[in-house]
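Student: the following block contains a protein sequence and its predicted model.
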Amino acid sequence: MRTVQQYIDKLRSMRPNVYMGGRLVPRDDPRFMGGIRTIATTIECGLDPQYSDLMTARSHLTGKTINRYTHVHQSVEDLLKKQEMTRFLCRKVGGCIDRCMGIDATNALSVVTKDCDNAHGTDYHQRFLKWLEYFQENDLVAACAQTDVKGDRSKRPHEQADPDLYVHVVEKRDDGIIVRGAKNHISIVPYADEIIVVPTRALTQKDADYAVAFAIPADAEGVKLVTRATGTRERKILTGSVGQYQVDCYVIFEDTFVPWERVFLCGEHMFGGMLALMFALYHRHSYTGCKPAVSDCLMGQAALVAEYNGIEKAHHVREKLADYVAVAELVYGAGIASAVKARRAASGTYVPDPVYVNVARYHAGVNLYHEFEMLADLSGGLPATLPPEEDFFSPETGPLLHKYIMRNPKISAENQHRLFRLLSDTLCSAMGGVAQVGGMHGGGSPVMEKIGIMAAYDIEARKRLAKQLAGIRD
Ligand SMILES: Cc1cc2nc3c(=O)[nH]c(=O)nc-3n(C[C@H](O)[C@H](O)[C@H](O)COP(=O)(O)OP(=O)(O)OC[C@H]3O[C@@H](n4cnc5c(N)ncnc54)[C@H](O)[C@@H]3O)c2cc1C
């Protein structure tokens, strides 16, 4: 497993292809450093013996110890540990841990490449395993580019006015394929080693060119990354707080060459749709770990501000805290159920139960704004109107602000100020807004979970039950 320094050195050695604000920027641009620190947390914990049970696994390919983020789940236990690891790390960094897209994409590919080979006699699985060994050996970080720009949402890929609105194969050569198109919203790419590309939706025979999956170095020729970065506001004086970061890209493929050994699907439209669903399934399984952690962070802030405000015993406060617990542990519990009820795919990979995964992600998504609303309610207006940090430390206004921020006299003014600065970041910053939209749409918009639930649930069996209860015999 590599060290943080090796990870950063590799980023610095990569070809510049990251654009932000109209110019090329280096991969160690200060605006990416928060995200890089988040990935570094996954590396440091992987190397720390006290976390080895949770953070590492034995590779089923080489038998070597690897960071769990490069592992393919070989058991129910692996799925349970991935969920627990996700909640643990997301608590540590105060939100998204950034490395789930890679593990979710590799697991999805491990299942669908084998199923496709079994149906079509292709050799995608062996190619994938060879690449996976390289990925594990080098402890690499992968982004997953699934979401196409999609153009007119009511039309299939081949029906679009511009055929490039979904990523597709434009040429097949002896040595590889040429792809064109763009993926949107793709997290972490400027500080990832690899981009794993998978389809975004069900595909028909006419969409066969869009049934393409591959892995490509994030700095490959023909790949442009148009990037946006958001972080929590920088602390100048009250340092030591944990910040959150979101960096995402338009990943644009301009007639990009991908060698065959990195192509894991090319034209088998049925399996394109299956891969889209399989990635979404694993990614929503990650949400059963990260969303409870987000609830933990919001719940902690809600409980603390109630205590600082002196209202922690009020009935409505207890009710709100119970609401947080109900969401966090229901989502987490459904995640556990999805692992316990997992199936073993033909490749040997364990696949979580789709109903429990989708139910969990659905509840996490629909309750997200309620959780923010409860925190805004308990915090009062100060997160929105808190004066800048410097005013708390200027000789003229500092003592006054420290006097007038006081609530519970047992809590120091500095700690009250610190809490309200965190609340201001959580509720009122650009990062707070991005986290909310990400919490709703990440892993698929809410309706997608309902579609996932209905695809896997046996409603007919419930109708038979109703007939039995009513005495209907037909
Ligand atoms: C912070 C953040 C990070 C993300 N990171 C990644 C990432 O790393 N990798 C990745 O691949 N994706 C990522 N995503 C993308 C995410 O998966 C998508 O935002 C999500 O799938 C919704 O797609 P969209 O944004 O194109 O919205 P749209 O598809 O435009 O959805 C808007 C609305 O239209 C509805 N809709 C869409 N199509 C139809 C239709 N045919 N019929 C009826 N209604 C329809 C949707 O249900 C929704 O209500 C990220 C998103 C965010 C916000």
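Tutor: Good, I have the coordinates. Numbers count the residues shown, from 1 in each chain.
Student: buried set for the helix or strand V317 falls within?
Tutor: Using DSSP states H and E, V317 falls within helix 315-340. By neighbour count on 16 or more other Cβ atoms under 10 Å, the buried set for helix 315-340 is 317, 320-321, 323-324, 327-328, 330-332, 334-339. From N, CA and C alone the C-beta is placed, and that goes for glycine too.
Student: mind picking the two most distant members of these?
Tutor: Maximum pairwise distance in the buried residues of helix 315-340, criterion Cβ to Cβ, is 33.7 Å, between V317 and A339.
Student: now for S286: which residues touch it?
Tutor: For S286, the contacting residues are 82-83, 86, 100, 103-104, 443, by Cβ atoms under 8 Å, 6 or more residues apart in numbering.
Student: and the stretch 151-300 of the chain, which residues reach the ligand?
Tutor: Counting by Cβ under 6 Å from any ligand atom, the stretch 151-300 of the chain comes close to the ligand at 153-154, 185-187, 246, 248.
Student: hmm, back to that, closest one of the contacts of S286 to the ligand?
Tutor: In terms of Cβ to the nearest ligand atom, no member of those lies closer to the ligand than G443, at 6.0 Å.
Student: now do the SS call for the closest one.
Tutor: coil (DSSP: H, G, I helix; E, B strand; the rest coil).
Student: got phi/psi on it?
Tutor: Per-residue torsions, G443: phi 80, psi 0 (degrees, to the nearest 10).
Student: give the other helices and strands that the strand or helix carrying C116 contacts.
Tutor: Taking DSSP H and E as the definition, C116 sits inside helix 100-120. Applying 3 or more Cβ pairs under 8 Å, 6 or more residues apart in numbering; DSSP states H and E, one finds that helix 100-120 makes contact with helix 124-137, strand 142-145, strand 194-197, strand 263-266, helix 269-309.
Student: among the ones you listed, which is nearest F393?
Tutor: Comparing those under Cβ to Cβ, the one sitting nearest is helix 269-309, at 20.1 Å.
Student: chain center to the closest one, what's the gap?
Tutor: 8 Å (Cα atoms, centre = their mean, to the nearest Å).
Student: report the beta-bridge partners for the nearest residue to F253 once chain neighbours are set aside.
Tutor: Excluding the flanking residues, the one nearest F253 by Cβ to Cβ, 6 or more residues apart in numbering is V179, at 4.9 Å. Beta-bridge partners recorded for V179 (DSSP bridges): V169, T256.
Student: count of neighbours near V179?
Tutor: 25 (other Cβ atoms under 10 Å).
Student: again with S52
Tutor: Around S52 there are 14 residues (other Cβ under 10 Å).
Student: which strand or helix spans it?
Tutor: With DSSP H and E as criterion, S52 is part of helix 52-55.
Student: measure stretch 333-349 end to end?
Tutor: End-to-end span of stretch 333-349 (Cα to Cα, to the nearest Å): 22 Å.
Student: so for it, mean pLDDT?
Tutor: Here stretch 333-349 scores 98 as its mean pLDDT.
Student: what helix or strand does A215 sit in?
Tutor: Per DSSP H and E: strand 212-217 holds A215.
Student: could I get the buried residue list for that strand?
Tutor: Buried-residue list, strand 212-217, by 16+ other Cβ under 10 Å: 212-216.
Student: what's the first helix or strand after it?
Tutor: In the C-terminal direction, the helix or strand that comes right after strand 212-217 (DSSP H and E) is strand 223-231.
Student: hmm, back to that, and the two most separated of the residues of the stretch 151-300 of the chain next to the ligand?
Tutor: Farthest-apart pair in those is S154 and Q246; separation 29.1 Å (Cβ to Cβ).
Student: and the two? which has more neighbours close in?
Tutor: Legend: neighbour count by other Cβ under 10 Å for S154 and Q246, higher for Q246 (22 against 6).
Student: tell me the SS of that one?
Tutor: Classified using three-state DSSP, Q246 is strand.
Student: also the one 3 residues further on?
Tutor: Taken by three-state DSSP, the conformation at C249 corresponds to strand.
Student: what's the burial count for it?
Tutor: C249: 29 surrounding residues under other Cβ under 10 Å.
Student: kindly report the same for the one 10 residues further on.
Tutor: Taking other Cβ under 10 Å as the criterion, the count of residues near P259 is 13.
Student: and the closest residue to it other than its chain neighbours, how close does it get to the ligand?
Tutor: Closest residue to P259 apart from its sequence neighbours, by Cβ to Cβ, 6+ apart: G176 at 4.1 Å. According to Cβ to the nearest ligand atom, to the nearest Å, G176 stands 23 Å off from the ligand.
Student: can you offset everything so residue one is 873?
Tutor: Sure, I'll start counting at 873 from here, so that last one is G1048.
Student: G1048 reaches T1128, doesn't it?
Tutor: No - judged on Cβ atoms under 8 Å, G1048 makes no contact with T1128 at a distance of 9.8 Å.
Student: nearest to R895, of the contacts of S1158?
Tutor: Closest to R895 out of the contacts of S1158 is C972 (30.3 Å), distances taken as Cβ to Cβ.
Student: any idea how far the closest one is from I911?
Tutor: Distance of C972 to I911, given as Cβ to Cβ, to the nearest Å: 11 Å.
Student: likewise for R1045?
Tutor: Taking Cβ to Cβ, one finds R1045 at 34 Å from I911.
Student: ditto for V1309
Tutor: On the measure of Cβ to Cβ, V1309 and I911 end up 22 Å apart.
Student: and R1045 and I911? which has more neighbours close in?
Tutor: Per other Cβ under 10 Å, whichever of R1045 and I911 has more neighbours is I911, with 22 against 10.
Student: now for the host helix or strand of the more buried one, which elements pack on it?
Tutor: Following DSSP H and E, one finds I911 within helix 905-919. Contacts defined by 3+ Cβ pairs under 8 Å, 6+ apart place helix 905-919 against helix 876-885, helix 924-927, strand 937-939, helix 948-965, strand 1117-1131.
Student: let's have these in CSV, adding mean pLDDT.
Tutor: Shown next, in CSV, are those (pLDDT from 0 to 100):
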stretch, mean pLDDT
helix 876-885, 97
helix 924-927, 96
strand 937-939, 97
helix 948-965, 97
strand 1117-1131, 97
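Student: related to what we said a few turns ago, turn the contacts of S1158 into JSON lines, including distance to Y1234 and neighbour count.
Tutor: JSON lines is the format used below for the contacts of S1158 (distance: Cβ to Cβ, whole Å; neighbours: other Cβ atoms under 10 Å):
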{"residue": "K954", "distance to Y1234": "20", "neighbour count": "28"}
{"residue": "Q955", "distance to Y1234": "17", "neighbour count": "24"}
{"residue": "T958", "distance to Y1234": "18", "neighbour count": "27"}
{"residue": "C972", "distance to Y1234": "18", "neighbour count": "28"}
{"residue": "I975", "distance to Y1234": "22", "neighbour count": "25"}
{"residue": "D976", "distance to Y1234": "18", "neighbour count": "27"}
{"residue": "G1315", "distance to Y1234": "10", "neighbour count": "29"}
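Student: same list (those residues) but as CSV, adding distance to W1132.
Tutor: Below are the contacts of S1158 laid out as CSV (distance: Cβ to Cβ, whole Å):
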residue, distance to W1132
K954, 30
Q955, 35
T958, 34
C972, 28
I975, 25
D976, 24
G1315, 30
